[in-house]
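**Student:** quick one, fold the following:
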Amino acid sequence: MTTMSLRLGRGWQRSRRLLPWLAAATVLAACSGPGADVPAPTNSPVAAGKLNSVAVVTHGSPGDAFWNVVKNGAEAAAKDLGVRVEYNSAGDPGQQAKLIDNAVAQGVDGLVVSMANPDALRPSIEKAVTAGIPVVTINSGENESVKYGAIGHVGQSESLAGQAAGKRLADAKKTKLLCVIHEAGNIGATQRCDGATKAFGNGTTLQVDINNPTDAQSRIKGALEADKTIDAVLTLNSQVAARAVDGVKESQSGATVATFDLNTDVVEAIRAGKLLFAVDQQQYEQGYLPVVLLQAYRTNLNTVGGGAPVQTGPAFVDKDNVDAVAALVAQGTR
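**Tutor:** Numbering: from 1, shown residues only. Model (predicted):
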């Protein structure tokens, strides 16, 4: 678990330069998506006030490069807006719920939560809403966001992103897909694989544990050795991607590997031709934009999207644009 706390001054006056971010978010949220026909929740505070503190509680694993970028985004927003942000994470949904409860008990002014396991978090999120704390959900759980009383959701539609990835692999003339799920019970991971299989047409899934990378590589190798017709592997996490590349090599398979998410290893693998592409959900925005939305809500009672999610992806990184993105990955913003 990591904790980050920033205390800076000046508040909303400094945030005026953030208006382009909010305008961009409004355009993105106008896209159709789950919840688009559902009115925004009406849990406004009695009067506008000031945003002083925000708790960000995610399901990220310690040291996960993806969630480090989310944290960097939240940290940058805290600096730009002059608010205090505390970041905590727990891979276990029960522990994540306790972190949310702790934030509510501390009386934070806003809450940002990722919902990989929505059912486990519902009581804690609804407790925050009942307490008058505005909630923005991120990353996973977009279908449940409005139901639980959140004022908005920032993330990538996992089903649509999966379909886009599956279509790209099908367009590459691949015929059988292995989709690797790295977190049991993660609704977003399941949605990605379901979407990819739907668009691709012929696929199977493999469950591995992101916290046991050696075993993950062994399982991928074993799946490829057991079924020689598999010629495409899609991983859902940048750290697992490297294990898939090694698993393909060890199994002497000719399968093409693609992945979700970026890190420096993924960038180098794309450059070397070992990965076809990476689906980039631009998770820096998933840390940054929720703090902007909470600031606008607390100070001016503004909401964005009318119940539809603010989409941060999918974008794609491949051999054509990897060099342009590489420096941004290295600095921790992509």
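**Student:** for the stretch 1-150 of the chain, what spans make up the strands?
**Tutor:** Under the criterion DSSP state E, counting those that start in this stretch, the stretch 1-150 of the chain contains strands at 53-58, 84-89, 110-114, 135-138.
**Student:** would a markdown table of the ones you listed with distance to residue 73 be doable?
**Tutor:** Every residue, glycine included, has its C-beta placed from N, CA and C. Shown next, in a markdown table, are these (distance: least, C-beta to C-beta, whole Å):
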| stretch | distance to residue 73 |
| --- | --- |
| strand 53-58 | 10 |
| strand 84-89 | 10 |
| strand 110-114 | 10 |
| strand 135-138 | 10 |
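**Student:** residue 322: which of those is closest?
**Tutor:** Evaluated with C-beta to C-beta, the strands of the stretch 1-150 of the chain place strand 135-138 nearest to residue 322, the distance being 25.7 Å.
**Student:** centre of the chain versus that closest one, how much separation?
**Tutor:** 11 Å (C-alpha atoms, centre = their mean, to the nearest Å).
**Student:** same deal with stretch 307-326?
**Tutor:** How far stretch 307-326 lies from its chain's middle: 12 Å, per C-alpha atoms, centre = their mean.
**Student:** quick one: buried residues of it?
**Tutor:** Using 16 or more other C-beta atoms under 10 Å as the test for burial, stretch 307-326 gives 307-317, 322, 325-326.
**Student:** looking at the residues you listed, spot the one nearest residue 115.
**Tutor:** Closest to residue 115, out of all of these and judged by C-beta to C-beta, is residue 309, at 11.9 Å.
**Student:** ok, residue 182 touching residue 238?
**Tutor:** No - the criterion here is C-beta atoms under 8 Å, and residue 182 misses it with residue 238 at 10.3 Å.
**Student:** and the residue sitting nearest the centre point of the chain, what does it touch?
**Tutor:** Residue closest to the mean C-alpha point of the chain, counted by C-alpha atoms, centre = their mean, is residue 139 at 3.4 Å. By C-beta atoms under 8 Å, 6 or more residues apart in numbering, residue 139 lies in contact with 58, 70, 114-116, 154-156, 188, 283, 286.
**Student:** helices - which of these land there?
**Tutor:** 70, 188, 283, 286 (DSSP state H).
**Student:** of these, which is the nearest to residue 333?
**Tutor:** Using C-beta to C-beta, residue 283 comes nearest to residue 333 of the ones in helices among the contacts of residue 139, at 9.6 Å.
**Student:** quick one: low-confidence parts of this structure?
**Tutor:** Low-confidence segments of the chain, defined by pLDDT under 70: 1-47.
**Student:** can you give me the helices in it?
**Tutor:** Using DSSP H, the helices found in the chain span residues 19-29, 65-81, 93-105, 118-130, 142-145, 158-171, 187-200, 213-226, 238-251, 264-271, 283-300, 322-330.
**Student:** possible to save those helices as a markdown table with distance to residue 49?
**Tutor:** Formatted as a markdown table, the helices of the chain follow (distance: least, C-beta to C-beta, whole Å):
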| stretch | distance to residue 49 |
| --- | --- |
| helix 19-29 | 18 |
| helix 65-81 | 14 |
| helix 93-105 | 17 |
| helix 118-130 | 16 |
| helix 142-145 | 23 |
| helix 158-171 | 34 |
| helix 187-200 | 33 |
| helix 213-226 | 46 |
| helix 238-251 | 39 |
| helix 264-271 | 42 |
| helix 283-300 | 6 |
| helix 322-330 | 35 |
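**Student:** on that earlier part again, reformat the strands of the stretch 1-150 of the chain as CSV; add mean neighbour count.
**Tutor:** Below are these laid out as CSV (neighbours: other C-beta atoms under 10 Å):
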stretch, mean neighbour count
strand 53-58, 26
strand 84-89, 22
strand 110-114, 27
strand 135-138, 29
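**Student:** among those strands, which is nearest residue 204?
**Tutor:** Closest to residue 204 of these is strand 110-114 (C-beta to C-beta; 27.3 Å).
**Student:** which other residues reach that closest one?
**Tutor:** Identification of contacts with strand 110-114 by C-beta under 8 Å, 6+ apart yields 51, 53-60, 74, 100, 103-104, 121, 125, 128, 133-141, 290-291, 294, 297-298.
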